[in-house]
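# Sequence first, then the predicted structure:
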Amino acid sequence: VYAYLADGSGSYSDSLDSNGEYEITSLGPNDYKLEARGTGYLREYYDNVRTLEEAQVIPLAVGQTRTIDFEVVRGGSITGHVADGGGSPITSGTIYAYRQPGNESFSDGLDSQGNYEITSLFGGDYKVRAYSSGYVQEYWDDQPDLDSADIVAVATGETTANINFVLSPGGSLAGTVLDASGDPYTSGTVYLSRPSAPSTSVYSTNLNSSGEYSFSQVRGDNYYAYLYLSGQPRIFYPYAFSIAEASQVTIIDGITLTGVDFTIPRDLPTARVSGSVTQDGAGVYCIVRIKGVDGYTGTGGYWTHSESGVFEISGYSAGTYVFYADRTNYPHYYYGGTEDESLATRVVLRPGDEVSGIDIELPMAEPDYGSLSGLVRDELGQPIAEASVYLSGVEDYSMLSANDGSFYFSRVLPGAGYTLRGSKPGYS
């Protein structure tokens with residue numbers, strides 16, 4: 001049993017005797033919070049709450065003795081076995097159970113038979129991970145990461161058994177990164193990502209002084225390999241600037257894949273893009289924006305020529321981008337004929353490219369505008385005049401409230417996720 005000073009400045013404890021009794025002594029006059037722990041039982045704070053923040057404060061005076069009893073509940077447990085691909089038990093490692101949602105963790109080590117038992121679990125859903133040095137970590141049931149892991153349901157006081165793992169040593173991958181003259185790059189990072197989420201790395205390693213890199217204990221699967229060098233954009237293996245043009249590499253358990261080599265010129269020239277924005281055949285004066293996607297970054301905005309609607313953009317690094325027309329009180333309209341960025345046509349810019357024909361033809365139909373109105377009042381319900389009211393979301397709007405505290409936004413672009421905020425000096 002633990003006694004915590006309520007202000008968080010210290011703690012005291014005593015172990016239970018054979019009768020389940022405890023006595024924490026040498027406590028000064030102060031406010032305390034108590035916690036009871038026991039193997040196989042749920043952690044409890046007095047009085048029958050789960051967190052220290054919720055615990056009841058217990059005041060203690062000079063020379064005072066207080067009797068504080070707990071009635072604890074046996075928790076649930078998860079048990080299982082961990083073996084290698086040949087069926088031999090793995091006897092060194094740790095199994096973790098992450099409570100869902102929130103990922104509060106519990107754990108247990110493997111015994112000499114490869115068995116484990118994670119106890120003192122609250123009833124609920126968990127995700128379970130097995131880790132052992134020399135093997136690829138795995139989430140139950142044969143999943144590579146927490147997001148894809150299967151749920152393990154646990155009931156208070158019950159055992160969820162047979163959450164078993166078979167771990168693999170994984171495969172290896174190695175290669176070099178050289179420039180066009182065959183000289184090595186000595187600084188940079190190589191990443192591996194899964195095809196299901198190509199912009200998110202799951203493994204990474206740095207180049208050595210010879211331009212070499214290697215991965216070990218990689219889960220057998222297909223991956224994209226990509227490279228970051230100082231001052232250069234993301235480069236997919238073997239020399240690509242979009243997922244569509246990249247080649248996947250296949251890792252096989254127990255096998256080392258070599259020759260995954262990059263040859264990258266030292267200086268990558270930037271690209272140039274041109275196009276137009278029109279509506280019903282006439283040029284539109286507006287901002288054309290460029291935005292890096294699919295793992296690439298970089299944004300910019302450029303005005304079209306006032307009469308022709310033509311635009312030119314230069315100086316952009318190689319990568320994958322989308323383009324859209326940005327007009328006040330209109331939704332973004334992308335190259336490819338859509339208001340949805342995920343459906344926009346991807347434009348791959350390679351080093352030194354001069355890409356033309358990025359033409360955006362705007363629809364004739366007006367957006368289906370909405371409106372929003374309300375009142376700004378103080379805590380007594382009295383109207384507040386000339387308060388600043390901000391509406392932020394698909395488009396941003398602002399105005400001052402009227403003398404009666406009212407505000408009215410008209411011609412608001414449709415969409416979810418707007419936030420509304422009011423402010424005025426002298427008010428919180």
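Arrived safely.

# from here on, contacts and neighbour counts on C-alpha atoms
Will do.

# check contacts around the residue positioned nearest the centre of the chain.
In the chain, the residue lying closest to the centroid (CA atoms, centre = their mean) is Thr200, at 9.3 Å. The neighbourhood of Thr200, defined by CA atoms under 8 Å, 6 or more residues apart in numbering, consists of 193-194, 295.

# Quick check: the gap between it and Leu420.
Using CA to CA, to the nearest Å, we find Thr200 at a distance of 33 Å from Leu420.

# How about Arg234?
Arg234 sits 38 Å away from Leu420, taking CA to CA as the criterion.

# between the two, which one's more packed in?
Just comparing Arg234 and Leu420: by other CA atoms under 10 Å the higher neighbour count belongs to Arg234, 22 against 13.

# so what's the residue lying closest to Ser423 once chain neighbours are set aside bridging to?
Residue nearest to Ser423 in three dimensions, not counting chain neighbours: Ser388, with 5.3 Å by CA to CA, 6 or more residues apart in numbering. Partner residues in beta bridges with Ser388: Leu400, Ser423, with DSSP bridges as the criterion.

# so how far is Asn403 from Ser388?
If you measure Ser388 against Asn403 using CA to CA, the figure is 12 Å.

# Who has more neighbours out of these two?
Neighbour count, other CA under 10 Å: between Ser388 and Asn403, Ser388 has more, with 16 against 12.

# ok, Ile78 - contacts?
Under the criterion of CA under 8 Å, 6+ apart, the neighbours of Ile78 are 117-119, 154, 159-161, 163.

# now do 6 Å
Listed by CA atoms under 6 Å, 6 or more residues apart in numbering, the contact partners of Ile78 are 117-118, 159-161.

# Looking at these, which one is closest to Ser398?
Out of the contacts of Ile78, the one with the shortest distance to Ser398 is Ile118. That distance is 55.0 Å, counting by CA to CA.

# beta partners of the closest one?
As assigned using DSSP bridges, the partners bridged with Ile118 are Ile78.

# residues near it, how many?
Here the neighbour count serves as a burial measure; for Ile118 (other CA under 10 Å) it reads 20.

# hang on, it packs against Ser77?
Yes - counting by CA atoms under 6 Å, Ile118 touches Ser77, with 5.4 Å between them.

# Spit out the contact partners of the spatially closest residue to Glu312 that is not a sequence neighbour.
Across the structure, with CA to CA, 6+ apart as the measure, the residue nearest Glu312 apart from its sequence neighbours is Ser274 (4.3 Å). Contact partners of Ser274, counting by CA under 6 Å, 6+ apart, are 311-312, 356.

# redo that, cut-off 8 Å
Taking CA under 8 Å, 6+ apart as the contact definition, Ser274 lies against 310-313, 355-358.

# For the residues you listed, could you give me JSON lines that also reports distance to Tyr12, secondary structure and neighbour count?
Putting these into JSON lines (distance: CA to CA, whole Å; DSSP: H, G, I helix; E, B strand; the rest coil; neighbours: other CA atoms under 10 Å) gives the following:
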{"residue": "Val310", "distance to Tyr12": "74", "secondary structure": "strand", "neighbour count": "21"}
{"residue": "Phe311", "distance to Tyr12": "71", "secondary structure": "strand", "neighbour count": "21"}
{"residue": "Glu312", "distance to Tyr12": "70", "secondary structure": "strand", "neighbour count": "17"}
{"residue": "Ile313", "distance to Tyr12": "67", "secondary structure": "strand", "neighbour count": "19"}
{"residue": "Val355", "distance to Tyr12": "71", "secondary structure": "strand", "neighbour count": "17"}
{"residue": "Ser356", "distance to Tyr12": "73", "secondary structure": "strand", "neighbour count": "12"}
{"residue": "Gly357", "distance to Tyr12": "74", "secondary structure": "strand", "neighbour count": "9"}
{"residue": "Ile358", "distance to Tyr12": "70", "secondary structure": "strand", "neighbour count": "21"}
